[in-house]
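# Sequence and computational prediction follow.
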Amino acid sequence: MLLRQYMTMALLVFGTGGMPPAAGAGDWPNWRGPHHNGISSERHWGGEWTTCTPRVRWTQEVGTGFSSSAVAEGRLYTMGNRELVVGWTKKAHDIVCCLDADSGEILWTHAYPAPLTPNSYEGGPSATPTVAAGRVYTLSKQGLAYCLDAQAGTVLWQCDLAAKHGVRAPTWGFAGSPYVHGDLVIYNVGTHGLALRTADGSLAWKTGTGRSGYSTPVPFALEGRHPLILTGETTFAAVEAETGKVLWEHPWVTSNQANIADPVVQDNLVFVSTGYQKGSALFEVTGGRVTQLWFQKNMQTFLNSAVLWQGYLYGPNDYGKALTCVERSTGRIMWTKTGFGNGSVTLADGKLIVLSQTGDLCLVKASPTGYQETGKGRILTGTCWSVPVLARGKIYARNALGTLVCATLETTAPKVNAGHSVVTWLKAGTTTVGLNGAVVDDTGDLATIRWSVLAAPPRAAVVLANPAAAATTATFARTGSYVLELYARDARAQEGSDRIEVRVYADSCEAARSNPLSAYVAPRYDADDDCREDFDDFAVWAARWLGAGDLDDLSVFAEQWLQNRSLTAEILFDAEEVAAPPTNPQ
């Protein structure tokens, strides 16, 4: 009976929306992507090639505006504004567009009257649609919120936030995208945000009717809580997502009272940056106290946000109309490359996907040592302020007048994928690991394929069954960390390579405790300390959840346990970019 009760509870956790629904692999279902930080987890989509050229696969017209794209389950959602004939006259309408992400075919549209409202720029909607649990949430500049069926485009509910809840629009209209949190959809409207219930659009909470900033709510975890950071006209503040309670507020004033770019948050550090000659700063949050660690005026992210990668911030800089790299810990400018205007940046696999204001798509290595461009091509014309999106190997971008393009990166160099990195252990004095590499060359003129060992513990040897085959095995007899590289070269001397890490431990228990997949590893969940994740451990955590309400822990554990993910199985993981060691190849 106890087993059945816990099984039922675990299934309910996942069947009733106890956690936000996960995006499909490679999807980009909302502004700034599935992790709300402008970073894609996709690898081997093309950015690792040393030379590549973007090719436009299809083009579609979606109306004037600055909405970026949301991509989920093979569909793309965006917004624009155009004139439609109503009766005998033309009238401006906002249009929500759903397209086939592969072909660009428009599958459905939803239109409603809305003025273009140009104001020193082209006008049109600014917010990006949010896709969650089969629904699409949108917000107009005037504050009209819609919830649409993602498949059919039918209206499930709508709410005029300005008319019904009294919130006042900032100078350039509402621009923050909807953020879905459980059964709430949260908007950066009003003093510090407003939340509606996803079921029917009824009000869950609001924080006042003052004018908001233009950013989207940014989720983060701090001291056991999961609040959101929202910008206002003259502040940024942390708000409890479930209740709207303001946890803290800090002043941030620009000359035009326009806080536009999203703050960049990691742990208890908050990076805030705006244009209008304001600059940027890093803040540390402890309890309800916000302490400024540094401030400088040479990095001004005006319209679009920076991305944080391995301790460095990369983003568009209104000061000099450039792409700039900043050391987060100190605020020191590492490098600046002019010529981008007020462009935008996304990051994937250690590469910056940069769209300049004039429509040049550039691939740039995310490195503090200097600007290192690996590919460039013109894919659009006109004003390009909307952030490019990477989803399932394709890049989607648009300009202000509504030309939306889908581009892929093409090269004649070999495309190399070394496979997953591995955590394993010595099972009888040695261990053998399958190397499931792959090499693809579009011209079929491969001359060399070679596995090599770039780093190994002292006096350790690696036996490669067939170093000249992409798929082979490697045998290890000593513990330690190894870096292996798969290299390919074609007849025109074009090269490609990729690396993996193999971590070899003394026994399965030590390997389990070193699981790099997430924070949810044996030391946290292994209640009886036997280095196995089994039902007895699950029962202990379920009982703790009943007493403490730790839903996140319970649901993650339930997912792992129901999928029979043993902590003592050989672990395959994505090590992202494995750096080449400074030593010579062995």
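Ah, there it is.

# who's residue 274 bridged to?
residue 279 (DSSP bridges).

# Return the per-residue confidence for it.
pLDDT recorded at residue 274 is 90.

# Can you get me a residue count around it?
28 (other CB atoms under 10 Å). C-beta: built from backbone N, CA, C; applies to glycine.

# Which positions in stretch 478-492 come out as buried?
Neighbour-count burial for stretch 478-492, counted by 16 or more other CB atoms under 10 Å, picks out 478, 479, 482, 483, 484, 485, 486, 487, 488, 489, 490.

# Cross those against strands and list the overlap.
Mapping the buried residues of stretch 478-492 onto strands (DSSP state E) picks out 482, 483, 484, 485, 486, 487, 488, 489, 490.

# Between all of these, which two are separated the most?
Pairwise distances across those peak at 27.3 Å for 482 and 490 (criterion: CB to CB).

# Which of the ones in strands among the buried residues of stretch 478-492 sits closest to residue 186?
For those, the nearest to residue 186 is residue 483 (43.2 Å; CB to CB).

# correct me, but that closest one touches residue 454?
Yes. Here residue 483 reaches residue 454: they are 4.4 Å apart, a contact under CB atoms under 8 Å.

# where do the helices sit along the chain?
Taking DSSP state H, the helices of the chain run over residues 2-15, 161-165, 508-513, 522-525, 535-548, 551-562.

# Against which helices or strands is the third one packed?
Using 3 or more CB pairs under 8 Å, 6 or more residues apart in numbering; DSSP states H and E as the contact criterion, the neighbours of helix 508-513 among helices and strands are strand 421-425, helix 522-525.

# Mean pLDDT lowest where, among these?
Among these, helix 522-525 carries the lowest mean pLDDT (a mean of 53).

# What are the buried residues along stretch 377-387?
377, 379, 380, 383, 384, 385, 386, 387.

# Just put these in TSV and tack on pLDDT and distance to residue 574.
Formatted as TSV, the buried residues of stretch 377-387 follow (pLDDT from 0 to 100; distance: CB to CB, whole Å):
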residue	pLDDT	distance to residue 574
377	90	28
379	95	28
380	96	31
383	95	36
384	96	31
385	95	32
386	96	28
387	96	24
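
# Which of those fall in strands?
residue 377.

# now, the most widely separated pair of the buried residues of stretch 478-492?
Pairwise across the buried residues of stretch 478-492, and taking CB to CB, the largest span is found between 479 and 490, at 37.2 Å.

# show me where pLDDT drops low in the protein?
1-25, 46-52, 443, 517-526, 529-535, 537-538, 541, 544-569, 576, 580-586 (pLDDT under 70).

# what's the domain layout of it?
Listed by automatic domain parsing, the domain ranges of the chain are 8-12+414-573, 37-66+305-409.

# Now tabulate those domains in a markdown table and tack on distance to residue 186.
Formatted as a markdown table, these follow (distance: least, CB to CB, whole Å):
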| stretch | distance to residue 186 |
| --- | --- |
| domain 8-12+414-573 | 18 |
| domain 37-66+305-409 | 17 |
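
# And those: which comes nearest residue 235?
Between these, domain 37-66+305-409 lies closest to residue 235; by CB to CB that is 17.6 Å.

# so how far does that closest one reach from one end to the other?
23 Å (CA to CA, to the nearest Å).

# I'd say residue 130 and residue 33 touch.
No. Residue 130 is beyond contact range of residue 33, at 11.4 Å (criterion: CB under 8 Å).

# What's opposite residue 327 in the beta bridge?
residue 312.

# wait, doesn't it sit right on residue 312?
Yes. At 5.9 Å, residue 327 counts as touching residue 312 under the criterion of CB under 8 Å.

# which residues are common contacts for these two?
Both residue 327 and residue 312 are in contact with 334, 368, where contact means CB atoms under 8 Å, 6 or more residues apart in numbering.

# Pick out whichever of these two has more residues nearby.
Just comparing residue 327 and residue 312: by other CB under 10 Å the higher neighbour count belongs to residue 312, 18 against 14.

# didn't that one look like it was pressed against residue 330?
No. Using CB under 8 Å, residue 312 is not in contact with residue 330; the gap is 10.6 Å.

# tally of neighbours for residue 297?
Around residue 297 sit 11 other residues, with neighbours defined as other CB under 10 Å.

# So it versus residue 438, what's the distance?
48 Å (CB to CB, to the nearest Å).

# same check, this time on residue 38
Relative to residue 438, and taking CB to CB, residue 38 is found at 28 Å.

# Those two - which one has more neighbours?
It is residue 38, of residue 38 and residue 438, that has more neighbours when counted by other CB under 10 Å, with 27 against 15.
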